[in-house]
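Engineer: need coordinates for the below:
(one chain, ligands or ions: 1)
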Amino acid sequence: MSSNKKFATRFGVIAATVGSAVGLGNIWRFPYECGANGGGAFLLAYIMFVIVLGIPVICAEFVIGRATGMNVAGAFRKLKAAKFWHLISWLGILASFFIMGFYSVVAGWCVDYIWQSATGFGQAASQTDLHAQFDSLTGDAWRPLGWTFGFLLVNFFVISRGVEKGIERMSNLLMPMLFVIMAAFCLNSLLMPGASQGLEFLLKPDFSKLTPDVLLSAMGQAFFSLSVGMGVLITYASYFKDGTRLVKTASLTAGLDTLVAVMAGIVIFPACFSFGQEPAAGPKLVFEVLPSIFMSMPGGRIWGVLFFVLLFVASLTSTVSVTEVVIAWLEGEWKISRKKATVLYGIGVAVTAALCSLSFGVLSGWTVFGRNFFNLLDFLSSNILLPVGGMLLSVFVGWVLDRSVLRRELTPEGHRVPAYVPLIIFSLKFIAPVAIMAIFVVGIL
Ligand code: TRP
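Structural biologist: Take a look at the predicted model:
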C-alpha cells in the first residue's frame, strides 16, 4: 500500500524539510560541538562533510522515498531489496527512539527557559548565578521531566492529527521569524567587546586540531543537523510530488541549515569571550551563554522569551519528523491506526526521555565509557547510527538500486540528465562509503 498523503505546495516541501533539519541541532548542538572540538577546524570539516557526504546522502534518501512512496521498511520491500538492506530501517527506528529520548529533554529545558527569561532569570546577577540556575534545573527530578513530558504531549498531539496542515503551516510562518531573530542576535553579538576573539575562534581553522576524534564529531554533527541517515527524509520524500526537484531541495536544505548553524556560532562565541565563558562547556553552553546576552540587552526579557519560543517551535518541527518515521512504519507495516501508533511509540519515548532527564540528577552515577545516559544516546545516535545508516544508504543507492530509477528521480521533469547527476552518483558509490568507513576506523579505534 503506498500512501497517498502528499505535501500540498512546493513551499510546503521546503518548509517541512528545512523544518526537520533546523532545530536544536543547529542552535544548541552545533555551538557546543564546535566549541569542544577546536572551533574553526571543526567548522571547516563540518562544511566539507555537508557538501561531499550530506547532500549526496540526502539525495539517496529522497530517491528511495519518492520512487516508492512508502515508509522506511515498506520502501525496501517495494524495491525488492535483499534482507540485509532492511537493516537500514531497523537502525532508523532505533535511532528515532534514541534521538527523541535526549532531544525532548533539551526541548523541555527550552520551555523552562521561556519562563525563566520572562522573569529575568530570577534576578540572577552573575555568571555564577546562571551556572547555578542551569544545574538546579537539570539536576532536579520533576521540573525538567514535567517540561519534557509537556513537550512530548504537544509533539504527539500534532503527530496524531497528521503532519500536513499543522506542521506545514506552522513552519511556514515561524521558521522565517527564527531567521530574523537570529540575525538580530548576530548583530548584537558582533558589537560586543569579545567579538573579534569569538569570530576568530569560529572562523580561523587551526589545522593541528583536526584529529580523528574531531572529524568523527564533525561528521556526526553534519548527519544529525541535516536529519539524514535514519529514514526521516525517505519518509518525507514519500510525500513529495513527482515534480519536486530533489537535488535542488537537498541543496537548499543543506544551505539553509548550515547558515543557521553558522549564525548560532556567530551569536554564541563572541558572547562567550565577552562574558568569560568556556567555549568547551558541553551541552550546557547555550543555556549559560544566551541568558548572559539577554541580560545585557535592553528589553532582554522579551528577546529571551521570543527566542526560546522560536527554538521550541524549531524543535517541534524536528521531533515531528523523527517521530513520523516510526508512526509511518507502524501504520504502513503493522496496520496500526495513527492514534494507537502514537500512543505506543509515545510510551516508549517517554520512558527513554525520563531516563535521559534523570541522568543529570539521581541517575548521574550510571555511566558507560564515562558518559551518562543522555550523552550516551546522543553519541550513539549521532556518531554511530546515523553515519552507519548513511553509509548503507549510499552503498544501496549507488550500487544496488536500478540506475535508471536513480537517474529518473534526480533529473528534473522534462530536462536532460544534468551534469551534477554523475557527480552525486560518484559520491554515493565511492566517496561517501569510503570516507565514512575511514573516519569510523580512525575515530573509534
Ligand atoms: N536535524 C534536527 C536538528 O538539527 C534533528 C533531527 C530531525 C534529526 N530529524 C532528524 C536528527 C533525523 C537525526 C535524524 O535539530
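Engineer: in which helix or strand does the nearest residue to T17 once chain neighbours are set aside reside?
Structural biologist: Leaving aside its chain neighbours, T17 sits nearest to T253 (4.9 Å; criterion: CB to CB, 6 or more residues apart in numbering). To be clear about C-beta, it is placed using only N, CA and C from the backbone, and glycine gets the same treatment. Using DSSP states H and E, T253 maps to helix 246-274.
Engineer: export stretch 74-87 to PDB, keeping only CA atoms.
Structural biologist: Output in PDB follows, covering the C-alpha atoms of stretch 74-87 (Å, rounded to 0.1, in the frame of the first residue of the first chain):
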ATOM      1  CA  GLY A  74       8.000  -0.600   3.000                       C
ATOM      2  CA  ALA A  75      10.300   1.200   0.700                       C
ATOM      3  CA  PHE A  76      13.000  -1.500   0.800                       C
ATOM      4  CA  ARG A  77      10.300  -4.200   0.400                       C
ATOM      5  CA  LYS A  78       8.900  -2.500  -2.600                       C
ATOM      6  CA  LEU A  79      12.300  -2.200  -4.200                       C
ATOM      7  CA  LYS A  80      12.800  -5.900  -3.600                       C
ATOM      8  CA  ALA A  81      15.900  -5.300  -1.700                       C
ATOM      9  CA  ALA A  82      17.700  -8.300  -0.100                       C
ATOM     10  CA  LYS A  83      17.000  -8.900   3.600                       C
ATOM     11  CA  PHE A  84      20.300  -7.300   4.600                       C
ATOM     12  CA  TRP A  85      19.200  -3.800   3.400                       C
ATOM     13  CA  HIS A  86      16.200  -3.900   5.800                       C
ATOM     14  CA  LEU A  87      18.800  -3.300   8.500                       C
END
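Engineer: number of residues surrounding the residue in the stretch 251-400 of the chain that the ligand sits nearest to?
Structural biologist: Per CB to the nearest ligand atom, the residue of the stretch 251-400 of the chain with the smallest distance to the ligand is S318, at 3.9 Å. If you count neighbours by other CB atoms under 10 Å, S318 ends up with 25.
Engineer: now it: closest residue in space, sequence neighbours ignored.
Structural biologist: G23 (3.3 Å).
Engineer: what about the closest residue to L226 other than its chain neighbours, distance to F98?
Structural biologist: Once flanking residues are discounted, L226 sits nearest to G54: 4.8 Å by CB to CB, 6+ apart. G54 sits 20 Å away from F98, going by CB to CB, to the nearest Å.
Engineer: looking at the two now, which is surrounded by more residues?
Structural biologist: G54 (29 against 24).
Engineer: let me know the pLDDT of the residue of the stretch 1-150 of the chain found nearest the ligand.
Structural biologist: Nearest to the ligand in the stretch 1-150 of the chain, going by CB to the nearest ligand atom, is G25, at a distance of 2.0 Å. Predicted confidence (pLDDT) for G25: 96.
Engineer: just the C-alpha atoms of the least confident helix or strand in the chain by mean pLDDT, please, in CSV.
Structural biologist: Ranking every helix and strand in the chain by mean pLDDT, DSSP states H and E puts helix 120-123 at the bottom, with a mean of 77. In CSV, the C-alpha atoms belonging to helix 120-123 read as follows (Å, rounded to 0.1, in the frame of the first residue of the first chain):
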residue,chain,number,x,y,z
GLY,A,120,14.7,37.9,34.3
PHE,A,121,16.3,34.6,35.4
GLY,A,122,15.1,35.0,38.9
GLN,A,123,17.2,38.2,39.2
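Engineer: which elements pack onto that helix?
Structural biologist: Helices and strands touching helix 120-123, by 3 or more CB pairs under 8 Å, 6 or more residues apart in numbering; DSSP states H and E, are helix 127-139, helix 285-296.
Engineer: report the distance from it to the chain centre.
Structural biologist: Between the centre of helix 120-123 and the centre of its chain there are 30 Å (CA atoms, centre = their mean, to the nearest Å).
Engineer: got the residues of this structure near the ligand?
Structural biologist: Within reach of the ligand by CB under 6 Å from any ligand atom, the chain has these residues: 20-21, 23-26, 99, 224-225, 227, 230, 232, 318, 321-322, 386.
Engineer: can we see that at 8 Å?
Structural biologist: Neighbours of the ligand within the chain, by CB under 8 Å from any ligand atom: 20-26, 28-29, 95-96, 99, 103, 223-230, 232-233, 257, 314-315, 318-319, 321-322, 325, 381-382, 386.
Engineer: emit the ChimeraX select command for whichever of those are buried.
Structural biologist: Selection of buried members from those for ChimeraX, criterion 16 or more other CB atoms under 10 Å:
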select :20,21,22,23,24,25,26,28,29,95,96,99,103,223,224,225,226,227,228,229,230,232,233,257,314,315,318,319,321,322,325,381,382,386
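Engineer: narrow the residues of the chain next to the ligand to those in helices?
Structural biologist: In this view, the residues of the chain next to the ligand that belong to helices under DSSP state H are 20-21, 24, 95-96, 99, 103, 223-225, 232-233, 257, 314-315, 318-319, 321-322, 325, 386.
Engineer: mean confidence score for the helix or strand P422 falls within?
Structural biologist: Assessed by DSSP H and E, P422 sits inside helix 420-426. For helix 420-426, mean pLDDT is 95.
Engineer: quick check: what element follows that helix along the chain?
Structural biologist: helix 432-444.
Engineer: buried residues in that next one?
Structural biologist: For helix 432-444, burial by neighbour count (16+ other CB under 10 Å) applies to A432, P433, A435, I436, I439, F440, G443.
Engineer: mind listing what V154 touches?
Structural biologist: Shown in contact with V154 (CB atoms under 8 Å, 6 or more residues apart in numbering): L316.
Engineer: check which helix or strand covers it.
Structural biologist: Here V154, judged by DSSP H and E, is contained in helix 142-160.
Engineer: can you name the residue of the stretch 151-300 of the chain nearest to the ligand?
Structural biologist: In the stretch 151-300 of the chain, no residue comes nearer to the ligand than S227, which is 3.4 Å away by CB to the nearest ligand atom.
Engineer: from what I see, that residue and S20 are in contact.
Structural biologist: Yes: at 4.5 Å, S227 and S20 qualify as touching, with contact defined as CB atoms under 8 Å.
Engineer: what touches both of these two?
Structural biologist: L233, S318, S321, V322.
Engineer: what's the farthest-apart pair in those?
Structural biologist: Greatest spatial distance in the shared contacts of S227 and S20: L233 and S318, 12.5 Å, computed using CB to CB.
Engineer: coming back round to it: confirm for me that the residue of the stretch 251-400 of the chain closest to the ligand is in contact with V18.
Structural biologist: No: the pair S318 and V18 fails to qualify as a contact (CB under 8 Å) at a distance of 10.2 Å.
Engineer: which of the residues in stretch 237-249 are buried?
Structural biologist: By neighbour count on 16+ other CB under 10 Å, the buried set for stretch 237-249 is A237, S238, Y239, F240, T244, R245, L246, V247, T249.
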